[in-house]
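>>> Fold the following and give me the result.
(chains A and B)
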Protein chains: 2
Amino acid sequence: MPVIDPAEIAEQYLKELKDSVSALNQELHVAGFIASEDKPSIAYANATKRVFDDAGFHYHLRQVQRLELEKEILAANENPDVHGIFVYFPVFANQEDDYLRNLVHYTKDIEAGSLYWTRKLTANDRLANGEDSNKKALIPCTPLAIVKILDDIGEYGSGERPINDKTVTIFNRSEVIGRPLAVMMSNDGARIYSFDENGPLMFRDGQPEETSVTRSEALAQSNIVITGVPDKSFCITANEVNEDTVCVNFSSEKNFEEAVAQKVRVFVPRVGPMTVAMCMRNTIRLFRNFHQ
Amino acid sequence: MPVIDPAEIAEQYLKELKDSVSALNQELHVAGFIASEDKPSIAYANATKRVFDDAGFHYHLRQVQRLELEKEILAANENPDVHGIFVYFPVFANQEDDYLRNLVHYTKDIEAGSLYWTRKLTANDRLANGEDSNKKALIPCTPLAIVKILDDIGEYGSGERPINDKTVTIFNRSEVIGRPLAVMMSNDGARIYSFDENGPLMFRDGQPEETSVTRSEALAQSNIVITGVPDKSFCITANEVNEDTVCVNFSSEKNFEEAVAQKVRVFVPRVGPMTVAMCMRNTIRLFRNFHQ
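Numbering: from 1, shown residues only, chains lettered A, B, ... in the order given. Next up, the predicted model:
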């Protein structure tokens, strides 16, 4: 029944991040690139800039032509005065966006969406470069944001397998969010049902398994339901979920019908503000790992 | 009017490749992975194995579960007795296929579809590892196959800018075929109109430019039209193309209506056999570059 505003959870992280930045005693510069003329997208970019700047980062937001973006990313990779790079997607809204995402050098990839980091996560390799145990690997910012929200509201347990007894259904198996999240939460002990338009997979202990579970079976068994379907017509109804369920939506669309918020134990309608906070956390980690 | 069978063009390459393999005086081993139960796909895999084996390669075709493929690719990367890896896509038919494609180590990526090679092509970097001028970079096998077919039928000219005076329209801007092909052919002098479901781009000298050209304008100006649209409903009609045009289809669907073959100067209904030959050529190049 309580609806959680992740902005409130992000607040406490932002305070800590501000302290961390000021303790570094060094300017942290982030290059943000937006290749869109769309007003809401630009407003969102300006808002993230403000949050970064408020926390003590130097966020350099630039509007560029989409055909200039490749060159700009490569220049930012080379520039020693840039410690982190943030790209606002979609740009081309096709495979070229993955190409661009992977052009960001891993030492500056504060979203941790490039193959270097998603591979580490899939392989359960917790170290940033395989040698130094002081240098921890980065985790893609949205999966990390979701886990931190669940943790903050007391739904993530503790110890080696904090969510050992939970069943989780995730609607989204993208390479940057849904699949890393399934791997991560299953490594933390949960049984994960992962759906995309091609059907379900199950994840246990970080490994995928084939399953013939249906949507309604998965939802009926789930303690946690997480959605990220960029499709207006996708909707989980209140009669599909249990009263004791925790529901989290990270899509820009409303993936749950209104009545779900009234019925379930906890409803988190968006994740965005925590994603931005986790990007900042990643920026600091990258700086300590590679730029200090 | 003449319809070209690329299998006949491939024949001469296969003879040369057979000689090259035998001159190496060393066994070349390729691991092929198919993660499908679909009979036509398995038949296609068996056919490619036969062509590789006939040319003197040792092609080890294995049928694996899709969830085992990641592990198998990583093992083949590590195995010094494997010189090349070929994966039959689609596997998951989503972004995870790109993840798998990029797991293949670039020194064994005979399709040259991983970011290591497509980045080289985009950057017009012709060297395999940036130092040794004897080690040439690989080119993704389907774009290479298309250029070699055009060359063989006398449509590619010669010299520094062999297709300097040509206009080419390409329907497909995928990262593995359409975009590399546009970059390559524009580096060879042509003006390229590149269409995908998001609209057109123009390429000149390897660089993309915005354009507002329409499909019919582009087709009316084109000397060469190349299609690769995996959609049954996509169809170029005979009245859209000129009589003097060269038309090439690399999609598994028929992207041109039947009457096109009757009207245009040259029609190439498929590319497949040359793609396989170019994979072999890449296998030899990788062996000379990295495994000898």
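
>>> and A:Ala43, how many neighbours?
Around A:Ala43 there are 9 other residues, counting by other CB atoms under 10 Å in any protein chain shown. All C-beta atoms are positioned from the backbone trio N, CA, C, and that covers glycine.

>>> Just the mean pLDDT for stretch A:45-52, thanks.
Summarised as a single mean, pLDDT over stretch A:45-52 is 97.

>>> Equivalent analysis for stretch A:84-94, please.
When pLDDT is averaged along stretch A:84-94, the result is 95.

>>> How about the residues of chain A by chain B?
Residues of chain A lying close to chain B by CB under 8 Å from any CB of the partner chain are A:65, A:67, A:70, A:92-96, A:98-99, A:102-103, A:115, A:118-119, A:122, A:173-175, A:179, A:196-198, A:201, A:207-210.

>>> how about A:Val64, what does it touch?
A:33-35, A:72 (CB atoms under 8 Å, 6 or more residues apart in numbering or on different chains).

>>> Sorry, wrong one. I was asking about A:Pro162.
By CB under 8 Å, 6+ apart, the neighbours of A:Pro162 are A:151, A:156, A:188-189.

>>> switch the cut-off to 10 Å
A:147, A:150-151, A:155-156, A:185, A:188-190 (CB atoms under 10 Å, 6 or more residues apart in numbering or on different chains).

>>> Tell me which helix or strand it sits in.
Here A:Pro162, judged by DSSP states H and E, is contained in no helix and no strand.

>>> the strands in chain A, which residues?
A:29-34, A:58-63, A:84-88, A:167-171, A:191-196, A:199-204, A:207-210, A:224-227, A:246-249, A:266-268 (DSSP state E).

>>> Roughly how far does A:Val241 sit from chain B?
25 Å (CB to the nearest CB, to the nearest Å).

>>> what's the burial count for that residue?
Close neighbours of A:Val241, defined as other CB under 10 Å, add up to 23.

>>> circling back: I'd like the contacts of A:Pro162 as TSV, with pLDDT and neighbour count appended.
TSV is the format used below for the contacts of A:Pro162 (pLDDT from 0 to 100; neighbours: other CB atoms under 10 Å in any protein chain shown):
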residue	pLDDT	neighbour count
A:Val147	98	21
A:Leu150	98	24
A:Asp151	97	15
A:Glu155	96	19
A:Tyr156	97	20
A:Met185	98	27
A:Asp188	97	21
A:Gly189	97	17
A:Ala190	98	26
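
>>> Could I get the full set of helices for the stretch 1-150 of chain A?
Along the stretch 1-150 of chain A, counting by DSSP state H, counting those that start in this stretch, helices occupy A:6-24, A:39-54, A:69-78, A:96-103, A:115-122, A:141-152.

>>> Return the most buried member of those.
Mean neighbours per residue, mean count of other CB atoms under 10 Å in any protein chain shown, is largest over those for helix A:141-152, with a mean of 24.

>>> helices and strands around it, which ones?
On a contact count with 3 or more CB pairs under 10 Å, 6 or more residues apart in numbering or on different chains; DSSP states H and E, helix A:141-152 meets helix A:6-24, helix A:115-122, strand A:167-171, helix A:178-187, strand A:224-227, strand A:246-249, strand A:266-268, helix A:272-286.

>>> quick one: strands adjacent to the third one?
Right, the one you point to is strand A:167-171. Using DSSP bridges, strand A:167-171 pairs in its sheet with strand A:191-196 (parallel), strand A:224-227 (parallel).

>>> A:Ile236 against A:Ala220, yeah?
No. With contacts counted by CB atoms under 10 Å, A:Ile236 stays clear of A:Ala220, the gap being 12.0 Å.

>>> thinking again about what came up before, nearest to B:Asp165, of the strands paired with strand A:167-171?
Each of the strands paired with strand A:167-171 has some distance to B:Asp165 by CB to CB; the shortest is strand A:191-196, at 46.4 Å.

>>> relative orientation of the closest one and strand A:199-204 in degrees?
Note on geometry: by axes from the mean of the first three to the mean of the last three CA atoms, to 10 degrees, strand A:191-196 and strand A:199-204 are set 150 degrees apart in direction.

>>> CA atoms only for strand A:191-196, dumped as PDB, please.
Only the C-alpha atoms of strand A:191-196 are listed here, as PDB (Å, rounded to 0.1, in the frame of the first residue of the first chain):
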ATOM      1  CA  ARG A 191      14.800 -17.500  -8.000                       C
ATOM      2  CA  ILE A 192      14.200 -15.100 -10.900                       C
ATOM      3  CA  TYR A 193      11.600 -15.400 -13.700                       C
ATOM      4  CA  SER A 194      12.800 -13.200 -16.500                       C
ATOM      5  CA  PHE A 195      10.300 -12.400 -19.300                       C
ATOM      6  CA  ASP A 196      10.800 -10.600 -22.600                       C
END
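
>>> average model confidence for it?
Mean pLDDT, strand A:191-196: 98.

>>> same check, this time on stretch A:224-239
The pLDDT scores in stretch A:224-239 average 97.

>>> again, but for stretch A:249-258
Mean per-residue pLDDT for stretch A:249-258: 97.

>>> got it, and stretch A:127-141?
91.

>>> Look up how far A:Gln95 lies from the closest residue to chain B within the stretch 151-292 of chain A.
Closest approach of the stretch 151-292 of chain A to chain B (CB to the nearest CB) occurs at A:Glu175, with a separation of 4.4 Å. Going from A:Glu175 to A:Gln95 by CB to CB, to the nearest Å gives 12 Å.

>>> Compare these two (neighbour count), which wins?
Remark: of A:Glu175 and A:Gln95, A:Glu175 carries more neighbours, 20 against 17, as counted by other CB under 10 Å.

>>> I'd guessed that one sits against A:Ala112; true?
No. Look at A:Glu175 against A:Ala112 with CB under 10 Å: they stay out of range, at 11.8 Å.

>>> any shared contact partners between the two?
A:118, A:140.

>>> which ones are touching the residue sitting nearest the centre point of chain A?
Chain A has A:Thr142 as the residue nearest its centroid, 0.7 Å off, counting by CA atoms, centre = their mean. Counting by CB under 10 Å, 6+ apart, A:Thr142 touches A:111-113, A:172, A:174, A:176-178, A:180-181, A:228, A:250, A:271-272, A:274-275, A:278-279.

>>> same thing but 8 Å
Counting by CB under 8 Å, 6+ apart, A:Thr142 has contacts A:176-177, A:181, A:250, A:271, A:275, A:278.

>>> and what of A:Val213?
Residues near A:Val213 by CB under 8 Å, 6+ apart: A:193, A:200, A:202.

>>> Could you measure from the second one over to A:Glu155?
Read that as A:Pro200. 23 Å.

>>> circling back: so between A:Ile236 and A:Ala220, which is more surrounded?
The neighbour count for A:Ile236 versus A:Ala220, taken as other CB under 10 Å, is higher for A:Ile236 (21 against 14).

>>> Is the more buried one in contact with A:Leu219, as I believe?
Yes. If you go by CB atoms under 8 Å, A:Ile236 and A:Leu219 touch, sitting 7.1 Å apart.

>>> Common neighbours of these two, please.
Between them, A:Ile236 and A:Leu219 share these contacting residues under CB under 8 Å, 6+ apart: A:Val225.

>>> Report how many residues lie close to A:Thr130.
Just so we're on the same page, residue A:130 is Gly rather than Thr. 9.

>>> before we move on, what about the one 4 residues further on?
The criterion is other CB under 10 Å. On that basis, A:Asn134 has 9 neighbouring residues.

>>> Check the separation of the first and last residues in stretch A:165-183.
Using CA to CA, to the nearest Å, one end of stretch A:165-183 lies 16 Å from the other.

>>> Please compute how far it lies from its chain's middle.
11 Å (CA atoms, centre = their mean, to the nearest Å).

>>> Report the mean confidence score over that stretch.
97.

>>> Understood, closing this out.
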